[in-house]
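Enquirer: based on what follows, work out the 3D shape:
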Amino acid sequence: MAPAGGRHGQVAHKVALLVGNHVLERNLGRVFAAETGFLLRRDPDTVRAPDVAFVAAERLGMETGSLNAGAGPGVGLAGQRSFVD
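Expert: Below is the predicted model:
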């Protein structure tokens, strides 16, 4: 897949800042940037790498900051489409 254009990068960055600040101020979980792959399903494997993803604290191992098994994003933004858990 070809890299995204400049406008796409600007919008993704703005969304990441807004969502990231909101999540950080309220300790709601973690926000992940583009290129972070989330395994959503096995057999066949379904992996998604949204431009910005939020994972709630309950779905994370918050003491380590690592993803628990099956902890996909609650909300992911990818290009002009979005998916919600």
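
Enquirer: low-confidence ranges, the protein, go.
Expert: Within the chain, the ranges that satisfy pLDDT under 70 run 61-85.

Enquirer: and if we set it to 80?
Expert: Across the chain, the ranges flagged by pLDDT under 80 are 1, 61-85.

Enquirer: which phi and psi does the most centrally placed residue in the chain have?
Expert: Nearest to the geometric centre of the chain sits residue 53, at 1.4 Å (C-alpha atoms, centre = their mean). Reported as degrees, to the nearest 10, the phi and psi values for residue 53 are phi -140, psi 140.

Enquirer: which parts of this protein are strands?
Expert: Using DSSP state E, the strands assigned to the chain run over residues 29-33, 38-41, 46-48, 52-56, 60-61, 66-67, 75-78, 81-84.

Enquirer: buried set for the third one?
Expert: Of the residues in strand 46-48, those buried under the neighbour-count criterion (16 or more other C-beta atoms under 10 Å) are residue 48. C-beta here means a position set from N, CA and C on the backbone, and glycine is covered the same way.

Enquirer: distance-wise, check the residue in the chain sticking out farthest from the centre relative to residue 59.
Expert: The C-alpha centroid of the chain is most remote from residue 43, which lies 22.1 Å away (C-alpha atoms, centre = their mean). Computed with C-beta to C-beta, to the nearest Å, the distance linking residue 43 and residue 59 is 21 Å.

Enquirer: same check on residue 16?
Expert: Residue 16 is 19 Å from residue 59, by C-beta to C-beta.

Enquirer: residue 30 and residue 23 touch, don't they?
Expert: Yes: counting by C-beta atoms under 8 Å, residue 30 touches residue 23, with 7.2 Å between them.
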